[in-house]
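A.B. asks: Quick one: sequence plus predicted model below, questions after.
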Amino acid sequence: MSTIELAIIGGTGLYKLADLQDVTSHEPETRYGMPSGPVRVGTLDGHRVAFMARHGEGHSVPPHKVNYRANLAALQALGAQRVLALNTVGGITERFGPRVLACPDQLIDYTWGRISTICEEEGTEVLHVDFGEPYTRSLRQAVVAAATRAHVALVDGGCYGATQGPRLETRAEIVRMRRDGCDLVGMTGMPEAGLAREMELDYACLAIVANWAAGAGPDPDEVITLQDVLDNVAAASAGLPALLKALLAG
């Protein structure tokens with residue numbers, strides 16, 4: 001099997017890679033069950049790339065029901081070692097408004113009840129992985145450098161707060177998260193990042209800011225609509241193809 005140079009997990013509003021060519025589809029069953037949907041493997045500028053929609057290609061899987069272990073295991077089984085997670089998020093602090101693209105370097109986990117480790121089953125090895133730096137430094141640095149080469153605006157750093165979902169957060173919850181040091185809020189950053197570390201996968205996040213979190217923007221009474229979210233995701237993702245090509249070119 002040819003080596004997959006990069007695996008990409010798409011979030012809300014990102015269900016395919018339009019530039020992926022010579023695509024084959026794979027639905028590997030893993031020891032953790034079936035992934036969210038098919039893995040599309042193809043070439044991007046001559047580089048072998050895999051893509052998976054985290055919520056399924058029809059957005060049928062809510063954040064708390066995503067089989068994060070199966071998704072990562074499926075990518076790993078196909079030969080992926082580097083995983084770039086695309087996460088659609090809300091902005092909390094001033095640098096992270098709608099249509100911003102960011103590569104966070106820290107996260108706080110507010111989720112609960114999700115299977116968050118590959119040590120869950122009886123008889124499996126108990127792992128205590130170092131998670132002080134939750135994203136792989138070398139891959140983060142490569143993403144930031146690729147954005148610079150591709151002339152794509154990118155905020156380097158920030159703290160991602162992972163909430164349970166699928167509902168959005170209250171204003172009070174966002175006030176707490178800001179106080180805790182969060183710059184971004186999303187629903188799928190964990191346990192995905194922790195599982196990647198346990199599976200010894202290189203992992204980084206590209207956060208696509210779709211809206212201000214509740215009460216965080218200049219208009220505290222702003223009502224978030226789905227169309228606004230989709231429009232902002234499309235605008236923030238406009239430079240993504242160029243960034244990916246620069247990342248693959250190294």
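C.D. replies: It's in.
A.B. asks: Show residues contacting whichever helix in the chain runs longest.
C.D. replies: When the chain is scanned for its longest helix (criterion: DSSP state H), the result is helix 137-150. By Cβ atoms under 8 Å, 6 or more residues apart in numbering, the residues outside helix 137-150 that reach it are 82, 84, 101, 103, 105, 153-154, 156, 202-204, 206, 239, 242-247, 249-250. C-betas here are computed from N, CA, C, even on glycine.
A.B. asks: same thing but at 7 Å, please
C.D. replies: 82, 84, 103, 105, 154, 156, 202-204, 206, 239, 242-243, 246-247 (Cβ atoms under 7 Å, 6 or more residues apart in numbering).
A.B. asks: May I see the buried residues of it?
C.D. replies: 139, 140, 142, 143, 144, 146, 147, 150 (16 or more other Cβ atoms under 10 Å).
A.B. asks: likewise stretch 126-135?
C.D. replies: Neighbour-count burial for stretch 126-135 [16+ other Cβ under 10 Å]: 134, 135.
A.B. asks: now it: mean pLDDT?
C.D. replies: Stretch 126-135 shows a mean pLDDT of 94.
A.B. asks: Dump it to CSV, restricted to CA.
C.D. replies: Provided in CSV are the C-alpha atoms of stretch 126-135 (Å, rounded to 0.1, in the frame of the first residue of the first chain):
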residue,chain,number,x,y,z
VAL,A,126,-2.7,1.0,30.3
LEU,A,127,-1.1,4.1,28.7
HIS,A,128,-0.2,7.3,30.4
VAL,A,129,0.8,9.5,27.5
ASP,A,130,2.4,12.9,27.9
PHE,A,131,-0.2,15.5,26.8
GLY,A,132,1.2,18.7,28.1
GLU,A,133,1.6,19.8,24.5
PRO,A,134,-1.6,18.3,22.9
TYR,A,135,-0.7,19.0,19.3
